[in-house]
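Participant: please find the sequence and the predicted model below.
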Amino acid sequence: MPQEVVSYVEERDFAAVDYVKRGILSLYLDDMGKYGNGDASRVRSVFAQMPGQLAKHEKKFTLASFYSSARMRKYDSAFFWLEDATLVNVCRNSTDPNVGLGPHEDGGSLKCYQADTGLLVSQAFADSAEMLGEVYREIILDNLSINEGMLVENAVAQQLKAHGRPMYFYSRYERGNSRDTMEIDFLIVRGYDNAAMKPRVSPVEVKSTKRCGTSSRDKLRASFGKRLGTEYVLHPGQLQVEGDRVCLSLYASFCL
């Protein structure tokens, strides 16, 4: 948000920056009430629940976690409203990874990212408003234990969306069968060097540490090997290349 940047440049004060961001969030909530029509309460509920949903290990949005009888069909219009207003980036589960990801979209399985990662931080630390300047400082100095995975994955989603990428992920859960259970953070379609640059599905995983685990990608390749191209891991380390597996620094996500 340009207003946040200007505030920091002028004052060099994280608390002042957070004050600006909370003002923006307040305006968003006002607009939801004014223009959400009959969906206003559901729109606000979804928006308020994003930090908690993204903090989970499996980041799929689970309506039942905050309203036991909620069903996705009743909330479809709320997600559409937020996405159309460019307040969130919705990422949908493509159940059969192929060059055409859209036709295999599971409308009942999605992840909902905040469109601005800075605003997500203010949402996540809403209960620390009076001390947030100190909280920001501790985060930067790596003195505070937080769910960094939530923030880095949201930042990658923001960059992929800004680059014009359709937002898809892959998730499969087999009760009692860990061999076939897997989740890939994002799926994108790119030209593949080893197929004369023909389009292939590239799995993208996001790590908040330098470790580049391969478990889910191994399972995905075992199931859909011929459809896949280069695999990418975005992590806070340096470039690593091993065959079709590439580990990139987090900042390079805009290049995908």
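Facilitator: Great, that's in hand.
Participant: where along the chain do the helices fall?
Facilitator: 2-11, 14-35, 40-54, 72-84, 117-124, 132-140, 148-162, 215-224 (DSSP state H).
Participant: these: which one's closest to Ser94?
Facilitator: helix 215-224 (11.0 Å; C-beta to C-beta). Quick note: C-beta positions are derived from backbone N, CA and C, even for glycine.
Participant: thinking again about what came up before, dump the helices of the chain to CSV, plus mean pLDDT, distance to Ser94 and mean neighbour count.
Facilitator: Shown next, in CSV, are the helices of the chain (pLDDT from 0 to 100; distance: least, C-beta to C-beta, whole Å; neighbours: other C-beta atoms under 10 Å):
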stretch, mean pLDDT, distance to Ser94, mean neighbour count
helix 2-11, 80, 34, 12
helix 14-35, 91, 29, 16
helix 40-54, 94, 19, 19
helix 72-84, 92, 16, 17
helix 117-124, 90, 24, 20
helix 132-140, 65, 33, 16
helix 148-162, 92, 14, 21
helix 215-224, 90, 11, 16
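Participant: of the ones you listed, which is nearest Arg172?
Facilitator: helix 215-224 (8.5 Å).
Participant: show me what the closest one is packed against.
Facilitator: Under the contact definition 3 or more C-beta pairs under 8 Å, 6 or more residues apart in numbering; DSSP states H and E, helix 215-224 sits against strand 182-184, strand 198-206.
Participant: what does the longest one contact?
Facilitator: Read that as strand 198-206. 97-99, 101, 149, 152-153, 156, 160, 170, 184-192, 216-217, 220, 224, 227-235, 250, 256 (C-beta atoms under 8 Å, 6 or more residues apart in numbering).
Participant: give the rounded mean pLDDT of that strand.
Facilitator: Per-residue pLDDT over strand 198-206 has a mean of 96.
Participant: pull out the buried positions in it.
Facilitator: For strand 198-206, burial by neighbour count (16 or more other C-beta atoms under 10 Å) applies to Arg200, Val201, Ser202, Pro203, Val204, Glu205, Val206.
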